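Chemist: starting from these lines, generate the structure:
(one chain, ligands or ions: 1)
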Amino acid sequence: MSTVLRSYVQGKWQAGSGTPQTLVNPSTEEALAETSTGGIDFKAAVAFAREKGGPALRALSFAQRAEILKALAKAVADAREELIAIGIANAGNTRSDAKFDIDGASGTLLYYADLGAKLGDAKVLVDGEGVPLGRSARLFGQHVYVPRQGVAVHINAFNFPAWGMAEKLAVTFLAGMPVITKPATATAQMAHRIMELWVATGAIPEGALSFVCGGVGDLLSHLGAQDVLAFTGAGHTAASLRALPHFARDSVHVNVEADSLNAAILGPDVSPGSETWNTFLAEVTREMTQKTGQKCTAVRRIFAPANRLDEVREALVERLAAVKVGNPADDKVTMGPVATAAQLRDVRAGIEKLAEGAQIATGGAMPVNGQSAPEGKGFFVAPTLIVNKTPRVDSPVNQMEVFGPVATLMPYADNGTLLTLVAAGGGGLVSSVYSDDRAFTQEVVLGIAPHHGRVTIANEKLAGQSISPGTVMPGLLHGGPGRAGGGEELGGTRGMALYMQRVAVQGHRALIEQMFGIKKDPAS
Ligand code: NAP
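Modeler: The predicted model follows:
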């Protein structure tokens, strides 16, 4: 029997009216739950968050807000097994995929709890050194960040129902803003359970956190100059939200995390069998198949020196052949289905497009019977490696994201061509360079850096310690220019800037230093 999921607004759980959307198990296509937001008063929900949650959070110091985050992290960690089961059933996650999402959620909350504890009793973030303004040392200016007085609306994608919700929440709460969070409907069961656990902690001030389970209705029409929209999802959805006339008129703060054609680059110095070669293969395989390739940070484009192309293809095909596709309720399965029927349709169409003028080395768009899934059921696709020997700037591989276990291997003849092809992706979240040649690494890292939010370098010095590029680190920025949405999240205190107003305060130095708890400069 399917469960009814509810929203949590104005401090209470509310079931929506009207025609519900159904959540299914993507391995079996069985209905699991349904949800609707019909009849929910979003204007009142926004007002409640602004008027109750905002003042309550702003009254707390960073260290006190950190205590809330700690309680929320504990609630997630304590329910890990239950949440893993939900990830397997509703998101098609393997156990390991579900852990990645859930531990990412609790880990990011804990990272920001630690950061908040270090920021201590303050309520305002001091931004760098003060600026002397006149001949007298007394006349002085200081930049500080203060929390915005509106509400932050968070809209998340279907692929990380736990981590996506928790990482945005951690940063926003620490900054001092109330949140209305909305998971993608198809995989909302995980976020719904976490929200139940969070409410049960009693740690959240009234109005500080609301949860919308289903469509957003007219929610966004109530946002204004002190509010924030942080959106993660498809580029075309982001474009339509950015274009809302009142967003432009009132300068509503918007952060977008969207698509990305992340690249993995093998240096010309790396020979088969070396540490760096093995790291490259292991990380590319992991990035293609973890969460069935449904990660914004997954490797989509693989660049190898032309004289190594065949060896790389063979090694990747061999590794991908070991992947067992099926219902992750069977613990022998190593890759589950994609999340929805629509995803499956898009991935299949995408593979066909990428394969134009290229060869499929393994996998493809054909239907797949998942291991331990009912015959003919489930949204399964094979891990697919495409080889494009003559990539161009305008090839589909440099123009479209296929959000599944799919990547394209391409040769490069020289560094100039490589940099041009990587840049043709139009802006990405993360790309990785695998090389022990310092001159090559430096040229490529600096060459691709303007097109990315993060660049990872792996070499033999880091053998066994390298962190796969698709793992988002709370201390480092997540986001990227252009196609990736132009946003910035996380990065320690950097991510808090979206939820705070930076203001320059100018006047009497001693007063300003005292007001913001800045240690006195003995020279003044
Ligand atoms: P999507 O269709 O854009 O949906 C994303 C979210 O937006 C969902 O919560 C969806 O709600 C909501 N939404 C859809 N239309 C909306 C509207 N008109 N107004 C307000 N909200 C709306 O994206 P998706 O297909 O689920 O996600 C996959 C995409 O997300 C991929 O392209 C991937 O690269 C990107 N992604 C990026 C990151 C990143 O950090 N850069 C992370 C993960 C995913 P419903 O589910 O209720 O429709």
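Chemist: the ligand contacts on the stretch 101-250 of the chain?
Modeler: Residues of the stretch 101-250 of the chain lying near the ligand by Cβ under 6 Å from any ligand atom: 155-159, 182, 184-186, 215-216, 232-234, 237, 240-241. For every residue, glycine as well, the C-beta is placed using N, CA and C.
Chemist: make it 8 Å
Modeler: Counting by Cβ under 8 Å from any ligand atom, the stretch 101-250 of the chain comes close to the ligand at 155-160, 164, 182-186, 188, 214-216, 219-220, 231-238, 240-241.
Chemist: ChimeraX command for the buried members of the residues you listed?
Modeler: Per 16 or more other Cβ atoms under 10 Å, the buried members of these correspond to this ChimeraX selection:
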select :155,156,157,158,159,160,164,182,183,184,185,186,188,214,215,216,219,220,231,232,233,234,235,238,241
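Chemist: just the ones of the residues of the stretch 101-250 of the chain next to the ligand in strands?
Modeler: Among these, DSSP state E puts 155, 182, 231-232 in strands.
Chemist: let's have the residues you listed in TSV, adding pLDDT.
Modeler: Shown next, in TSV, are these (pLDDT from 0 to 100):
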residue	pLDDT
I155	98
K182	98
F231	98
T232	97
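Chemist: so which residue is dead centre in the chain?
Modeler: With distances taken as Cα atoms, centre = their mean, the residue of the chain nearest its centroid is G164 (5.7 Å).
Chemist: just checking, it touches T181?
Modeler: No - in terms of Cβ atoms under 8 Å, G164 does not count as a neighbour of T181; the distance is 9.1 Å.
Chemist: hey, what's in contact with both of the two?
Modeler: N156 (Cβ atoms under 8 Å, 6 or more residues apart in numbering).
Chemist: just give the nearest non-adjacent residue to S431, would you?
Modeler: Using Cβ to Cβ, 6 or more residues apart in numbering and skipping the chain neighbours, the partner closest in space to S431 is A263 (4.2 Å).
Chemist: correction: the previous question concerned T285.
Modeler: Nearest to T285 is R319, by Cβ to Cβ, 6+ apart, at 4.5 Å.
Chemist: just to confirm, which helix or strand has the one you found in it?
Modeler: Here R319, judged by DSSP states H and E, is contained in helix 309-321.
Chemist: taking the mean pLDDT, what do you get for the helix or strand that that helix is followed by?
Modeler: Counting by DSSP H and E, the next helix or strand C-terminal to helix 309-321 is helix 341-354. For helix 341-354, mean pLDDT rounds to 98.
Chemist: how far away from the center of its chain is the helix or strand that comes right after helix 341-354?
Modeler: Going down the chain from helix 341-354, the next helix or strand is strand 359-362, by DSSP H and E. Distance of strand 359-362 from the chain centroid (Cα atoms, centre = their mean, to the nearest Å) equals 29 Å.
Chemist: report the buried residues of strand 359-362.
Modeler: 360-362.
Chemist: in its sheet, what does the helix or strand just after that strand sit against?
Modeler: The first helix or strand that comes after strand 359-362 along the chain, using DSSP H and E, is strand 384-387. Paired neighbours of strand 384-387 in the sheet (DSSP bridges): strand 359-362 (antiparallel), strand 406-412 (parallel).
Chemist: now the first one: mean pLDDT?
Modeler: For strand 359-362, mean pLDDT rounds to 98.
Chemist: give me the residues contacting it.
Modeler: Under Cβ under 8 Å, 6+ apart, the answer for strand 359-362 is 313, 316-317, 320-321, 351, 382-389, 409.
Chemist: how about the residues of the stretch 401-524 of the chain near the ligand?
Modeler: 401, 403, 429, 472, 478-480, 484-485, 487, 489.
Chemist: hey, where'd the helices end up in the stretch 351-500 of the chain?
Modeler: 415-423, 438-448 (DSSP state H, counting those that start in this stretch).
Chemist: from the chain's centroid, how far away is the first one?
Modeler: From the chain centre to the centre of helix 415-423 is a distance of 26 Å (Cα atoms, centre = their mean).
Chemist: what is that helix packed up against?
Modeler: Applying 3 or more Cβ pairs under 8 Å, 6 or more residues apart in numbering; DSSP states H and E, one finds that helix 415-423 contacts strand 263-266, strand 301-305, strand 406-412, helix 438-448.
Chemist: buried sites along it?
Modeler: Buried residues in helix 415-423 (16+ other Cβ under 10 Å): 418-419, 421-423.
Chemist: just checking, what's the longest helix in this structure?
Modeler: If you go by DSSP state H, the chain has its longest helix at helix 95-119.
Chemist: check the stretch 101-250 of the chain for the residue nearest the ligand and tell me.
Modeler: Closest to the ligand within the stretch 101-250 of the chain is G233: 2.5 Å, counting by Cβ to the nearest ligand atom.
Chemist: now stretch 510-524: mean pLDDT?
Modeler: 77.
Chemist: looking at the buried residues of strand 359-362, which is nearest R308?
Modeler: For those, the minimum distance to R308 (Cβ to Cβ) is 14.5 Å, reached by A361.
Chemist: what's the closest non-adjacent residue to the closest one?
Modeler: Residue nearest to A361 in three dimensions, not counting chain neighbours: L385, with 4.5 Å by Cβ to Cβ, 6+ apart.
Chemist: how many residues are close by that neighbour?
Modeler: Residues lying near L385 (other Cβ atoms under 10 Å) number 26.
Chemist: tell me the pLDDT of it.
Modeler: For L385, the pLDDT comes out at 98.
Chemist: you'd agree it is up against L320?
Modeler: Yes - between L385 and L320 there is a contact at 6.1 Å, judged by Cβ under 8 Å.
Chemist: pull up the overlap in contacts between the two.
Modeler: 288, 362-363.
Chemist: let me know the closest of the residues you listed to the ligand.
Modeler: M288 (14.5 Å).
Chemist: now for the closest one, how many residues are close by?
Modeler: 29.
Chemist: shouldn't it be in contact with V299?
Modeler: Yes - with contact defined as Cβ under 8 Å, M288 reaches V299; the gap is 6.1 Å.
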